[in-house]
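Peer 1: for reference, the sequence and a predicted model appear below.
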Amino acid sequence: MLFNSIEFALFFVVVMAVFYILPSRIRAWWILAASLFFYCYDTSTHAFNEQSVFLFIAIGVSYISAVIMDLIPSKGRLKVLRVILLLEGILADFGMLFYFKYTKFVMEIVNDSIVSEGGVPLAVPQNILMPIGISFFIFTSTGYLFDVYRKKIPAERNPFYYALFTCFFPCIMSGPIERADHLIPQLKDLHKTSVINVDRISNGITLILWGLFSKLVIADRIAMIVDNVYGHYYLYGSVELIFTSICYSLQIYCDFMSYSTIAMGCSKLMGIDVYDNFNAPYLSLSVKEFWRRWHISLSSWLRDYVYIPLGGSRCSKIRKHLNVIITFLVSGIWHGAGMNFIVWGGIHGVLQVIDDMTLPLREKINKLTHAKTESFGYKFGKWFITFVLVDLAWVFFRVTDMNLALEIIRRMFTRPDLWVLFNDGLYNLGLDRKEFNILFISLLVLFFVDMSKKKNEKTVGDMMLMQPWWFRWLSLIVLFFAVLTFGIYGPAFDAADFIYLRF
């Protein structure tokens, strides 16, 4: 059930209507029932999804493991049992993730090796159907197990609250990846939440409408250019391919940011705060800053449960750099079973290592040249270099065939066609002049909002609460009609998939 579908709109209206009517003490149970229905019911077949059984396995294994682990002292001879329980929970979680997401990829690599040695390849399973959102709920439950093991939080004894934490419907498909110490206390305090709160309702509606605007008006419109050009890359020259790569950077940002923003808005209407997953990442002045602003819940998860356990920065420089690269390779593998994702993650890891290694030299050069590091020109240069590097890395993320990705990048620099900037050639990439102009204006709005987010370090909803009431509601009305009027809804109003639902 997609956030930008009619089915979800009807589902959410019913959920919220009942939520406001029910006695406060049973609101959490209603949200749990709604979450299970949201995940398990397949609107395309009007039947319950068989793959949803693996969600219950993940919930059951992590719940039981954490409760038993919490009963065992962390010191003494029994502490080894805590390690065993932690490993058992992690292996169960990642065993499912590996089977559904990586079995085919690994077996194809094995078969390539067997064939190269003259052997008979193994049969590769073709009908493995990956449960939607498995990467997100597996990371959620695994992070919970680590936190209980480290005694950062006590194990949640109530299975209903733990189940709701794991399968909370705004977050289960594509995040944000929540932490137990942040979400569970809010779920337990739902009965204390005021039913009618004008500011909270305004905040939630703002986030939902901004998410829909980013998805339907911007991301899905850009998708027409990206799909057309990358699908026929051999017909286009440098300017068109560079322009398309920039478009894809904006598409994946608006697509994923929109999902997270709608999730925040839906949660806000229920009196629950979830993490803000994006904070103007394309305004970053370094790749390191980009990752502090992009997919924040995943970045912080990898930092806490991969980078720090590897040793973090509390080790030699070589080991620290190795830890960074390993962490970003894990990020690449998490995103998908393909060599292109591994290369994409590796590129970001190497870029961060280079940034760290060259920092003393760059500081020395700045000192010798008396560089005005706070000037607009200096910051613009850093922004430009960062964006170009991130943008080139996205090519490997978008194009699954490594040779094809390298060919596209090669053509960016070897097929000059500057004339398309002056002969209306950009209007022939998938959008006509009118649609192109709508996209351009929408991107200006996005730029203004992201500039404000970076300056104020607040969400769109919180920034709107800083405005007069009349401006707030006028903005909501304009956003609503912009989504209705300029949204791209697809054939017969079928909702376009969110990109990150594939991961």
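Peer 2: Arrived safely, thanks for sending.
Peer 1: which residues of this protein fall in strands?
Peer 2: Counting by DSSP state E, the chain has strands at residues 41-42, 47-48.
Peer 1: any idea which of the ones you listed is most buried?
Peer 2: Each of those was scored by mean neighbour count; the highest is strand 41-42, a mean of 16, by mean count of other C-beta atoms under 10 Å. Where you see a C-beta, it was placed from the backbone N, CA and C, and this is true even at glycine.
Peer 1: and it, which strands flank it?
Peer 2: strand 47-48 (antiparallel) (DSSP bridges).
Peer 1: helices of the stretch 351-500 of the chain, start to end?
Peer 2: Secondary structure of the stretch 351-500 of the chain (DSSP state H, counting those that start in this stretch): helices at 376-398, 402-414, 433-456, 460-465, 469-486.
Peer 1: out of these, which is the most enclosed?
Peer 2: Note that of the helices of the stretch 351-500 of the chain, helix 460-465 is the most buried (mean count of other C-beta under 10 Å), with a mean of 20.
Peer 1: now that one: mean pLDDT?
Peer 2: Across helix 460-465, the average pLDDT comes to 90.
Peer 1: show me what it is packed up against.
Peer 2: Other elements packing on helix 460-465 under the criterion 3 or more C-beta pairs under 8 Å, 6 or more residues apart in numbering; DSSP states H and E are helix 198-212, helix 238-269, helix 433-456, helix 469-486.
Peer 1: ok, now with 6 Å
Peer 2: For helix 460-465, the packing partners by 3 or more C-beta pairs under 6 Å, 6 or more residues apart in numbering; DSSP states H and E come out as helix 198-212.
Peer 1: next, the angle helix 238-269 makes with the helix it packs on.
Peer 2: 150 degrees (axes from the mean of the first three to the mean of the last three C-alpha atoms, to 10 degrees).
Peer 1: name the helices or strands packed onto helix 198-212?
Peer 2: If you count contacts as 3+ C-beta pairs under 6 Å, 6+ apart, helix 198-212 packs onto helix 238-269, helix 460-465, helix 469-486.
Peer 1: returning to what we had before: could the helices of the stretch 351-500 of the chain be laid out in TSV, adding distance to Asp255?
Peer 2: Output for these, formatted as TSV (distance: least, C-beta to C-beta, whole Å):
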stretch	distance to Asp255
helix 376-398	12
helix 402-414	20
helix 433-456	12
helix 460-465	16
helix 469-486	15
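Peer 1: how about these, which one is nearest His191?
Peer 2: helix 460-465 (23.6 Å; C-beta to C-beta).
Peer 1: about what we covered before: nearest to Val478, of the strands of the chain?
Peer 2: With C-beta to C-beta as the criterion, Val478 lies closest to strand 41-42 of the strands of the chain, at 34.1 Å.
Peer 1: show me the contacts for Asn456.
Peer 2: Asn456 makes contact with Met463, according to C-beta atoms under 6 Å, 6 or more residues apart in numbering.
Peer 1: quick one: it and Ala219, what's the gap?
Peer 2: 24 Å (C-beta to C-beta, to the nearest Å).
Peer 1: so Ser258 sits against Lys215, correct?
Peer 2: Yes. Applying C-beta atoms under 6 Å as the test, Ser258 and Lys215 come out as touching, 3.7 Å apart.
Peer 1: leaving out the residues flanking it, which one is nearest to the residue nearest the centre of the chain?
Peer 2: Against the mean C-alpha coordinate of the chain, by C-alpha atoms, centre = their mean, the closest residue is His295 at 4.9 Å. Nearest residue to His295 in three dimensions, chain neighbours excluded: Asn277, at 5.9 Å (C-beta to C-beta, 6 or more residues apart in numbering).
Peer 1: go ahead and confirm the one you found touches Ser297.
Peer 2: Yes. Counting by C-beta under 6 Å, Asn277 does reach Ser297; the two are 5.5 Å apart.
Peer 1: between these two, which contacts overlap?
Peer 2: Contacts common to Asn277 and Ser297, judged by C-beta under 6 Å, 6+ apart, are Pro176.
Peer 1: buried set for the longest helix seen in the chain?
Peer 2: Using DSSP state H, we find that the single longest helix of the chain is helix 79-116. Under the neighbour-count criterion of 16 or more other C-beta atoms under 10 Å, helix 79-116 has 82, 85-86, 88-90, 92-93, 96-97, 100-102, 105, 107, 111 buried.
Peer 1: give the residue spans of the stretch 1-150 of the chain that score low on pLDDT.
Peer 2: Residues of the stretch 1-150 of the chain meeting the criterion pLDDT under 70: 43-47, 124, 126.
Peer 1: same thing but 80
Peer 2: 1, 42-51, 74-78, 105-106, 108-109, 111-113, 115-130 (pLDDT under 80).
Peer 1: the helices in it, which residues?
Peer 2: 6-21, 27-40, 53-71, 79-116, 134-149.
Peer 1: export those as JSON lines, with columns for distance to Leu122.
Peer 2: Below are the helices of the stretch 1-150 of the chain laid out as JSON lines (distance: least, C-beta to C-beta, whole Å):
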{"stretch": "helix 6-21", "distance to Leu122": "40"}
{"stretch": "helix 27-40", "distance to Leu122": "33"}
{"stretch": "helix 53-71", "distance to Leu122": "24"}
{"stretch": "helix 79-116", "distance to Leu122": "6"}
{"stretch": "helix 134-149", "distance to Leu122": "24"}
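Peer 1: show me the domain layout of this protein.
Peer 2: 23-193, 199-502 (automatic domain parsing).
Peer 1: flag whichever of those domains has the least confidence on average.
Peer 2: For the domains of the chain, where the average pLDDT is lowest is domain 23-193, sitting at a mean of 86.
Peer 1: quick one: distance of that domain to the chain centre.
Peer 2: Chain-centre distance of domain 23-193: 17 Å, with C-alpha atoms, centre = their mean, to the nearest Å.
Peer 1: quick one: terminal-to-terminal distance for that domain?
Peer 2: 11 Å (C-alpha to C-alpha, to the nearest Å).
Peer 1: all numbers from here: first residue = 38
Peer 2: Okay, residue one is now 38; in that scheme the one you just asked about reads as domain 60-230.
Peer 1: fine, thanks again, bye for now.
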